[in-house]
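> only geometry, no sequence info:
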């Protein structure tokens, strides 16, 4: 049986000024799909969700939905009732089930009564308060009676998300569901959507989320909609093939035009009446436009002034808010070129850590020493306030025609083009920009301040995939130091040389390397027991069987001693891991960190080689038994 088609959208056309948002676009969605909508900021993703939900339908657009289709949405500009508690706001998403329960308790024809009972059974909707308890626990929401007026942005986003998904609709529409959420919550959403039996359409720029969840990727590109089955990796391959095919077709068109032009120039017969059809065909093909490409310009962060070996040092730093412990006896030292990713649950102290470094907060105890050569540039979550009545050009230029980037002076237009604002958008009023475009503009304004030590608090929020890639490349080329607080795991894997994780209880966990390595090592450290010998014993391979005659005397001796060599190598690796994970690592070994990192990598390679050799000898010994 083919899956049910939940909706179709056809003849979708929309323009804003000179910008074409949709050009005779169409889309259909089927039961059970998890469709990711991607495209540059301002390409129409949010508008498309509004069209599907029915809140905004352009003239002449044809939209057909399945009868009685239940839709729930979490838009970017979601609305909550600030006079209600979190629980009361989420409970509004259960209204359909409460109504079914009320109907079930009334006198109904037997067939209708059975139909309602079947629905309530299917959704396990007899104990709705238990459903509320469960989702509030999963999303770490406070079950308190007070209104949510003073709740944080992250809490309100989790409430809006809970309200949408608890209704278990046929079609779930999510606009940037992972923004401002911590990694633990994002992973819960991933697992929820992976098991989701309904259909979901979601907008996200979280590439790891895309890769894990999407069954189809729909790209909005210059008014057209392109569909790619599979996840983000499949989309990248499919898009490359599409662009290659479009380029090949354009090459054929240009070759045809060159041949026809040559024929017209050389042949008097071209102007004869019987050849007018050929000329008309030439004119038709010449009038066609080639494939439209977004201009790719490298984003360049101004180079900062040179720093010495001593950059920033934190010794025994502690900070409490009331009775709550944020950071306790924290030690850290920055080395040149360090790009530190900071992770942890919301409220764990990540932003507080940045404010301590910049001096906006003072520690309760301990010292923070900053070298005089350090020039901070802090990009906080709220970024900067933009004047909505100004144009993009006016906001950046402040009446000047050039901007200064370190020792380089460039035109304002050139600078804005680095942040993907083309000629049409540079003169656009800020109040007409998309959320992502505003985020890009705020980033452009802040980075003008320069600095050799960047502190970025959730820099990836609201940026599209193209902007994310450009930002990552710019950060990798930046010559100063960097701290990036982020929940974007893909971003952290690309830019981080070290990861610092806060647990929300005053403790911090440090690893060299990227986020995946941090994730691999953190559970091991949490469960690690003081008795290192016993821990190593568990990891030791099983005793090698007696060597057979077909093993040489040297190989037999090597096999017999392999267990001891592997245990010693494991212990050596564990010693390095303990050293790197120590909070005062940089205080003790800061000047030798590069050397120790190389020694650590060599120890890991040696251990891998021993395991490989042990397996080889074991296999040979086993074959001798046959």
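Nice, thanks for sending it over. These figures come from a predicted structure and were not determined experimentally.
> So which bits of stretch 96-113 are buried?
97, 100, 104 (16 or more other C-beta atoms under 10 Å). Heads up, the C-betas are built off the backbone N, CA and C, glycines and all.
> Take those residues and keep only those in strands.
With strands defined by DSSP state E, no entry of the buried residues of stretch 96-113 lies inside them.
> Endpoints of stretch 379-395, how far apart?
One end of stretch 379-395 to the other measures 17 Å (C-alpha to C-alpha, to the nearest Å).
> Look at residue 45 and say how many residues are nearby.
Neighbourhood size, residue 45 [other C-beta atoms under 10 Å]: 26.
> Would you mind confirming that it makes contact with residue 39?
Yes - here residue 45 reaches residue 39: they are 5.5 Å apart, a contact under C-beta atoms under 8 Å.
> can you list residues touching both of these two?
Residues touching both residue 45 and residue 39 by C-beta atoms under 8 Å, 6 or more residues apart in numbering: residue 220.
> So which other helices or strands are in contact with the host helix or strand of residue 258?
Assigned by DSSP states H and E, residue 258 belongs to helix 232-266. Counting contacts by 3 or more C-beta pairs under 8 Å, 6 or more residues apart in numbering; DSSP states H and E, helix 232-266 is packed against strand 34-38, helix 207-213, strand 216-221, strand 224-229, helix 276-287.
> Please identify the buried residues of that helix?
So helix 232-266, judged by 16+ other C-beta under 10 Å, has buried residues 232, 234, 235, 236, 238, 239, 260, 264.
> Residue 615 and residue 565, how far apart?
Residue 615 is 14 Å from residue 565, where distance means C-beta to C-beta, to the nearest Å.
> More neighbours: which of the two?
residue 565 (15 against 12).
> My read is that the more buried one contacts residue 611, right?
No - in this structure residue 565 lies outside contact range of residue 611 using C-beta under 8 Å: 10.4 Å.
> Show the low-confidence segments of the stretch 501-626 of the chain, by residue range.
Across the stretch 501-626 of the chain, residues meeting the criterion (pLDDT under 70) sit at 523-551, 553, 577-578, 580-594, 597, 622-626.
> Strands of that one, start to end?
508-512 (DSSP state E, counting those that start in this stretch).
> Okay, strands next: where are they in the stretch 51-200 of the chain?
62-65, 71-74, 171-175, 199-203.
> Which of the ones you listed has the lowest mean pLDDT?
Among the strands of the stretch 51-200 of the chain, strand 62-65 has the lowest mean pLDDT, at a mean of 89.
> Given it, what are its sheet partners and their directions?
strand 5-16 (antiparallel) (DSSP bridges).
> what's in contact with the strand it pairs with?
With C-beta under 8 Å, 6+ apart, strand 5-16 has contacts from 20-31, 44, 47-48, 51-52, 58, 60-66, 69, 170-171, 199, 432.
> I'd say residue 171 and residue 202 touch.
No - between residue 171 and residue 202 there is no contact under C-beta under 8 Å: 11.2 Å.
> Looking at these two, which is more packed in?
residue 202 (26 against 22).
> Quick one: the strands of the stretch 51-200 of the chain as JSON lines, columns for distance to residue 150 too.
Formatted as JSON lines, the strands of the stretch 51-200 of the chain follow (distance: least, C-beta to C-beta, whole Å):
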{"stretch": "strand 62-65", "distance to residue 150": "39"}
{"stretch": "strand 71-74", "distance to residue 150": "21"}
{"stretch": "strand 171-175", "distance to residue 150": "24"}
{"stretch": "strand 199-203", "distance to residue 150": "28"}
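> Quickly compare those strands and say which is most buried.
Of all the strands of the stretch 51-200 of the chain, strand 199-203 has the most neighbours on average by mean count of other C-beta atoms under 10 Å, namely a mean of 24.
> Give me the residues contacting that one.
Here strand 199-203 has contacts from 6, 29-38, 45-46, 49, 52, 170-177, 193, 213, using C-beta under 8 Å, 6+ apart.
> What's the ChimeraX line that selects buried ones from those?
To isolate the buried ones among the contacts of strand 199-203 in ChimeraX, judged by 16+ other C-beta under 10 Å, type:
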select :6,29,33,34,35,36,37,38,45,46,49,52,170,171,172,173,174,175,176,177,193,213
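> quick one: residue 316 is in a strand?
Yes - Residue 316 sits within a strand when classified using DSSP: H, G, I helix; E, B strand; the rest coil.
> Now it: closest residue in space that isn't a chain neighbour?
Closest residue to residue 316 apart from its sequence neighbours, by C-beta to C-beta, 6 or more residues apart in numbering: residue 366 at 4.0 Å.
> Let me see the backbone angles for that neighbour.
Main-chain dihedrals, residue 366, degrees, to the nearest 10: phi 90, psi 180.
> what's around it, how many residues?
17.
> need the contact list for it.
314, 315, 316, 317, 318, 329, 330.
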